[in-house]
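Enquirer: next comes the sequence, and after it the predicted model I'd like to discuss.
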Amino acid sequence: SAVISQKPSRDICQRGTSLTIQCQVDSQVTMMFWYRQQPGQSLTLIATANQGSEATYESGFVIDKFPISRPNLTFSTLTVSNMSPEDSSIYLCSVGTENTEAFFGQGTRLTVV
Amino acid sequence: AQKVTQAQTEISVVEKEDVTLDCVYETRDTTYYLFWYKQPPSGELVFLIRRNSFDEQNEISGRYSWNFQKSTSSFNFTITASQVVDSAVYFCALENLLGNEKLTFGTGTRLTIIP
């Protein structure tokens, strides 16, 4: 199994500012993912965080808005840039390997005011 | 393209009743995993089960059971003798192993157990 620590657990931010969310895993993993869950909605994949190369973004998400870092096999960050109230969501980090479940961090509840 | 449909948006049952949450999926792949997750009000995602596409055996874990039927592309989840602590949003998800292991989630079913 994998234990994922995600920070911060919640934050309230002013519009126009940026927030960086950290995801730390207790073991080396190949795949790390970032999901967004808007209020009352399901989870939507933002991007796959690739170690040593640029993240792979899903349709509707761009690097300028959601820059991602993956400096090693245990750590990743997601930045929500130039925030607006529409960015208020839960952001979740996830890791997975071929032979295990997909593990999720406890999420970051972001409120933009 | 992959798709997961959870047609039941909200379900309410009285405590101790049995309840089944439906999940129907679409994929062109022959190899995939199906998942169920529970999301209590605190927000974290709690893993419940992962099922390989080649394993159609039903599974029972305590009060939980899962019925996987490839013929109807369904992976339904039943809670027996429901309890108030079962109140949560439940998500069904599909993982394509030929891709990069990302999950496609259904829209979730909000289950409320009435004491």
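Expert: Sure, I can see it.
Enquirer: quick check: which ranges of the chain have low pLDDT?
Expert: Because you didn't say which chain, this covers chain A. A:97-101 (pLDDT under 70).
Enquirer: oops, chain B please
Expert: Within chain B, the ranges that satisfy pLDDT under 70 run B:98-101.
Enquirer: around chain A, which positions in it sit nearby?
Expert: With C-beta under 8 Å from any C-beta of the partner chain as the criterion, chain B comes near chain A at residues B:35, B:37, B:43-45, B:47, B:50, B:91, B:93, B:95, B:97, B:100-108. To be clear about C-beta, it is placed using only N, CA and C from the backbone, and glycine gets the same treatment.
Enquirer: any buried residues in stretch A:82-96, and which?
Expert: A:M83, A:D87, A:S88, A:S89, A:I90, A:Y91, A:L92, A:C93, A:S94, A:V95, A:G96 (16 or more other C-beta atoms under 10 Å in any protein chain shown).
Enquirer: correction: stretch A:17-27
Expert: The neighbour-count check on stretch A:17-27 (16+ other C-beta under 10 Å) flags A:L19, A:I21, A:Q22, A:C23, A:V25 as buried.
Enquirer: leaving out chain neighbours, which residue sits closest to the third one?
Expert: It refers to A:Q22. Nearest residue to A:Q22, sequence neighbours excluded (C-beta to C-beta, 6 or more residues apart in numbering or on different chains): A:K7, at 4.8 Å.
Enquirer: residue contacts, the one you found?
Expert: Taking C-beta atoms under 8 Å, 6 or more residues apart in numbering or on different chains as the criterion, A:K7 is in contact with A:I21, A:Q22, A:Q24, A:T108.
Enquirer: is the residue nearest to the spatial centre of chain A in a helix, a strand, or coil?
Expert: Nearest to the geometric centre of chain A sits A:W34, at 3.5 Å (C-alpha atoms, centre = their mean). Following DSSP: H, G, I helix; E, B strand; the rest coil, we place A:W34 in the strand state.
Enquirer: from A:S94, how far off is it?
Expert: When distance is defined by C-beta to C-beta, to the nearest Å, A:W34 is 8 Å away from A:S94.
Enquirer: look at A:N50 and say how many residues are nearby.
Expert: 16 (other C-beta atoms under 10 Å in any protein chain shown).
Enquirer: equivalent analysis for A:R109, please.
Expert: For A:R109, using other C-beta under 10 Å, the count is 17.
Enquirer: okay, and it sits in which element?
Expert: strand A:108-112 (DSSP states H and E).
Enquirer: packing partners of that strand?
Expert: Applying 3 or more C-beta pairs under 8 Å, 6 or more residues apart in numbering or on different chains; DSSP states H and E, one finds that strand A:108-112 contacts strand A:10-13, strand A:89-96.
Enquirer: partners of the spatially closest residue to B:A1 that is not a sequence neighbour in the sheet?
Expert: Counting by C-beta to C-beta, 6+ apart, B:A1 lies nearest to B:E26, which is 7.6 Å off, once chain neighbours are set aside. Beta-bridge pairing of B:E26 under DSSP bridges involves B:K3.
Enquirer: just list the residues touching B:E26, thanks.
Expert: B:A1, B:Q2, B:K3, B:V4, B:T5, B:S73.
Enquirer: how about these, which pair is most distant?
Expert: Among the contacts of B:E26, the pair separated by the greatest distance (C-beta to C-beta) is B:A1 and B:S73, at 14.0 Å.
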